[in-house]
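K.L.:
next input, structure requested:
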Amino acid sequence: MTEPKQRLLSLDFFRGLTVAAMILVNNPGSWSHIYAPLEHAEWNGCTPTDLIFPFFLWIVGVSIAFAMSSSKADPSTHQKTIIKAIKRGIILYSLGFFLAIFGKIMAVIIDGKSLLEAFQTVRLLGVLQRIGIVFIISSIIFLRVSNKGIFKLFVAILAIYWALMTFVPVPGIGYANLEKETNLAAWIDRGILTEAHIWASSKTWDPEGVLSTLPAIATCLFGILVGVWLRNKEVDQPTKVAWLFTSGVAAVILGLLWDLQFHINKALWTSSYVLYAGGLSSIGLALCYWLIDVQGYKRITTPFVVYGINAITVFFLAGLMPRVLNLIKLPNADGTKSALLEKFYTTCYTPFFSPINASLIWAITYVLGFYVLLYFMYKKNIIIKV
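P.N.:
Numbers count the residues shown, from 1 in each chain. Take a look at the predicted model:
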């Protein structure tokens, strides 16, 4: 059997599938009309949508193992690689911060609002910010720690986070708990970020908060361990698939068992959630790896591969576009004005479909629209590395 190439086609496919799903669930036509699987769980529990972000962080871990293994083997290159990782992480954080402050800056320009206020109320953490932070820390861990050490650290993080969240009393509350506004992670978010810089939908806790970044790192380390396994030249491909699938099933089972005491919860990124989502990621990649890289079924891969090789680029653009379109106002018959995005949706979608189907078809259109751009970039071999 031949060994997998430095860039796995199945990994690009799996990443692209994940990013396309992320864009789908982030861009419904109406947030009031969404099919249940495309919504996040209210608190405890896990929907398919709740799996998308941990899948991506897990894939980041696999990619780190493939991209940095040669550097790991040569300590003289560690410093240079770490500097590059820090720069990339800062760029990722900056892109997320730009999306967070974009609307506020436009309000300063258009409406003459205070620039100081824009920075005083901008959200400091978010999806891209978390990816950047996790990428930096996980890259350093990968380079500096042995593979066995990474596994031990992975286990330690899950155990420490569980202990912190379930045993440490919350100041002002007096007891450990896992409720939305009174858990330890929420208290830390309010203390460090302050309510002015927390997720606007809650103002009391942040789903990408400070303490929950710790188990998010564990998710990435899980992916790193899988990447190390897939790169093992002493193991044939069928064995890699078998062990990847088996470990994934084991992680899912452990996650479900831990859920009985430490609930699976995306907002808290609980240890049970790390195992459950990481296990499903392993099963998903095992299936993709077997079909695409081992068996050679590659005809259906292109649509998601084009998403996968420019994943961060399309995620950023998909977040920026509605912000830009919402700045353009068009007049209505009654003299009021509506954002271009809303006007287009209510004119071209809602008159022809039921509210929930119009919302879904809009999201699908959004994904397909970006596919056209990405396919052009793919054919021109344009890869924007972030």
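
K.L.:
list the buried residues in the one helix or strand in the chain whose mean pLDDT sits lowest.
P.N.:
Every helix and strand of the chain was ranked by mean pLDDT, DSSP states H and E. The lowest is helix 115-120, at a mean of 82. Neighbour counts over helix 115-120 (16 or more other C-beta atoms under 10 Å) mark residue 118 as buried. Any C-beta I mention is one placed from the backbone N, CA and C, and that applies to glycine too.

K.L.:
go on, stretch 305-321?
P.N.:
305-319.

K.L.:
could you give the mean pLDDT of that stretch?
P.N.:
For stretch 305-321, mean pLDDT rounds to 95.

K.L.:
please compute how far that stretch lies from its chain's middle.
P.N.:
Here the centre of stretch 305-321 is set off from its chain's centre by 12 Å, with C-alpha atoms, centre = their mean, to the nearest Å.

K.L.:
show me where this protein has helices.
P.N.:
With helices called from DSSP state H, the chain shows them at 9-26, 52-72, 78-111, 115-120, 127-144, 147-167, 184-192, 213-230, 237-259, 271-288, 302-308, 311-325, 340-348, 355-379.

K.L.:
how about residues contacting the first one?
P.N.:
It refers to helix 9-26. For helix 9-26, the external contacting residues (C-beta atoms under 8 Å, 6 or more residues apart in numbering) are 38-39, 48-49, 52-53, 55-56, 59, 62-63, 66, 284-285, 288-289, 291-293, 298, 301, 303-309, 311, 314-315, 318-319, 363-364, 366-367, 370-371.

K.L.:
circling back to that earlier point, and of the buried residues of stretch 305-321, the nearest to residue 187?
P.N.:
Checking those against residue 187 by C-beta to C-beta gives residue 319 as the nearest, at 29.0 Å.

K.L.:
am I right that that closest one is in contact with residue 99?
P.N.:
Yes - when contacts are counted by C-beta atoms under 8 Å, residue 319 is listed as touching residue 99 (4.9 Å).

K.L.:
using CSV, write out every CA atom in the least confident helix or strand of the chain.
P.N.:
Extracted C-alpha coordinates of helix 115-120, given in CSV (Å, rounded to 0.1, in the frame of the first residue of the first chain):
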residue,chain,number,x,y,z
LEU,A,115,-15.2,55.6,17.2
LEU,A,116,-14.2,55.1,20.8
GLU,A,117,-17.6,53.5,21.5
ALA,A,118,-17.1,51.1,18.6
PHE,A,119,-14.0,49.7,20.3
GLN,A,120,-15.5,49.8,23.7
